[in-house]
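Asker: quick one: sequence and predicted model below, then my questions.
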Amino acid sequence: MEAQQKEELLELFDQACKVGMSQERLGALLGLERHRLSRWRVQRMRGSLEDGLPGPRQAPHRLLPEERDAFLALAAREDLADASVPVLCAYGSDTDMVYLSPSTGYRLLKEAHLSEPRGSARHRHPLPRINHDLAVSPNCLWCWDITPLATYTLGLFYYLYAILDEYSRYVVAWRLDWTVRASTAKEMFKEAIDSQHILDLPEGQRPRIVSDRGSTMKSKLLGQTLEPIHMLRYFTRPSTPTDNPFIESFFSTLKGHPTYPGRFETFEAVQSYCLSFFPWYNHRHLHSAIGFVTPADKHYGKASTILELRIQKARWARKRRLSINRSEQFKLKLDT
């Protein structure tokens, strides 16, 4: 609204008040709120009824220019190059150089285009993904993990350890325990190494071991068992179960089997289930990922023979059907 219009409305308002009309009634007739008329009065007393241009408000406690300069100088110091922003703020406060919050520190660095990673993030490098294509034959790449098996007691679990050959999906060894510990994993790997005759292989052809970054997987005891015999360990990226998909899929198969009870009453019940499941899985389960042969057939070199035999049987059946159908058609022609 123009300043002249405001002045006219204010004069009308003053005259109406002199003749005894209430401010509320006059405001209702003019279609104006009382607080707006009061604001215009204040503006008139200050000498101008012009509308002010809206602009950004500045907080009364905004950072002073010297404080901004002090923090940026602190962040640029060579001896504090690895310090994170919260550390910089704490250091500035302790040394009486500048007092500000970490959020303000982040904002200042961003405004100054200095928001590169600091602290431990400065030296962090992305972890490479595991190359599962290395599994071109049995005992090239083993993956392993530990999964909890629920009981009827709240908070109590039994733990199943398993090593899976990625090429054949064959479980080369497994163990059960009451808890998670490196000694059990060590015993399991010794069994796998003996049963697969790993020490008879050349050092460069021994299995690589893939696992997540759990404390048992990275334990010194397990490293002392595998590294001297040139079995290298590879660890997946943190919080990335898709880096170790084969063992995760195996545990899903185990817990999704129709005979899986969901919970176990005793340790003996767990043992009984595993003693029946693992022979079935290795020697009877037709695995979809390896051409619907059993993991044992794939692991011990029988899969190609089985698949070739299936192709031959399919060809024979096709020829037989063709012969029978042609024979029947010929008979129909003779009858007609």
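Answerer: That came in fine, so what should we check first?
Asker: okay, now the unreliable bits of the stretch 1-150 of the chain?
Answerer: Per-residue confidence for the stretch 1-150 of the chain (pLDDT under 70) gives these ranges: 1-2, 23, 26, 30, 34, 49-59, 115-130.
Asker: swap the cut-off to 50 and go again
Answerer: For the stretch 1-150 of the chain, applying pLDDT under 50 flags the ranges 123, 125.
Asker: could you pull out the strands for it?
Answerer: Under the criterion DSSP state E, counting those that start in this stretch, strands of the stretch 1-150 of the chain are mapped to 141-150.
Asker: the helices in it, which residues?
Answerer: 3-18, 23-30, 34-46, 65-75, 85-94, 102-111 (DSSP state H, counting those that start in this stretch).
Asker: columns mean neighbour count and distance to His197 on top of the ones you listed, output as a markdown table?
Answerer: Where you see a C-beta, it was placed from the backbone N, CA and C, and this is true even at glycine. As requested, those are exported to a markdown table (neighbours: other C-beta atoms under 10 Å; distance: least, C-beta to C-beta, whole Å):
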| stretch | mean neighbour count | distance to His197 |
| --- | --- | --- |
| helix 3-18 | 13 | 99 |
| helix 23-30 | 13 | 99 |
| helix 34-46 | 13 | 92 |
| helix 65-75 | 15 | 59 |
| helix 85-94 | 16 | 54 |
| helix 102-111 | 15 | 58 |
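Asker: okay if I get those helices as a markdown table plus distance to Ile198?
Answerer: Below are the helices of the stretch 1-150 of the chain laid out as a markdown table (distance: least, C-beta to C-beta, whole Å):
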| stretch | distance to Ile198 |
| --- | --- |
| helix 3-18 | 94 |
| helix 23-30 | 94 |
| helix 34-46 | 87 |
| helix 65-75 | 53 |
| helix 85-94 | 48 |
| helix 102-111 | 52 |
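Asker: so how many other residues sit close to the closest residue to Asp243 other than its chain neighbours?
Answerer: Once flanking residues are discounted, Asp243 sits nearest to Thr236: 3.5 Å by C-beta to C-beta, 6 or more residues apart in numbering. A total of 21 residues lie near Thr236 under the criterion other C-beta atoms under 10 Å.
Asker: do I have it right that Thr236 meets Ser211?
Answerer: Yes. Counting by C-beta atoms under 8 Å, Thr236 does reach Ser211; the two are 7.1 Å apart.
Asker: residues shared between the contacts of these two?
Answerer: Asn244 (C-beta atoms under 8 Å, 6 or more residues apart in numbering).
Asker: can you pull out the strands in the stretch 151-300 of the chain?
Answerer: Under DSSP E, counting those that start in this stretch, the stretch 151-300 of the chain gives strands at 157-165, 171-177, 208-211, 233-235.
Asker: among those strands, which comes closest to Cys140?
Answerer: The closest of the strands of the stretch 151-300 of the chain to Cys140 is strand 208-211. By C-beta to C-beta, the value is 7.2 Å.
Asker: quick one: Asp82 and Ser272, what's the gap?
Answerer: 56 Å (C-beta to C-beta, to the nearest Å).
Asker: likewise for Ala28?
Answerer: For Ala28 relative to Ser272 (C-beta to C-beta), the value is 88 Å.
Asker: bridged to Leu149, which residues?
Answerer: Tyr158 (DSSP bridges).
Asker: count the residues that sit near the nearest residue to Ser211 once chain neighbours are set aside.
Answerer: With sequence-adjacent residues excluded and distances taken as C-beta to C-beta, 6+ apart, Ser211 is closest to Met217, at 4.0 Å. Counted by other C-beta under 10 Å, the residues lying close to Met217 total 20.
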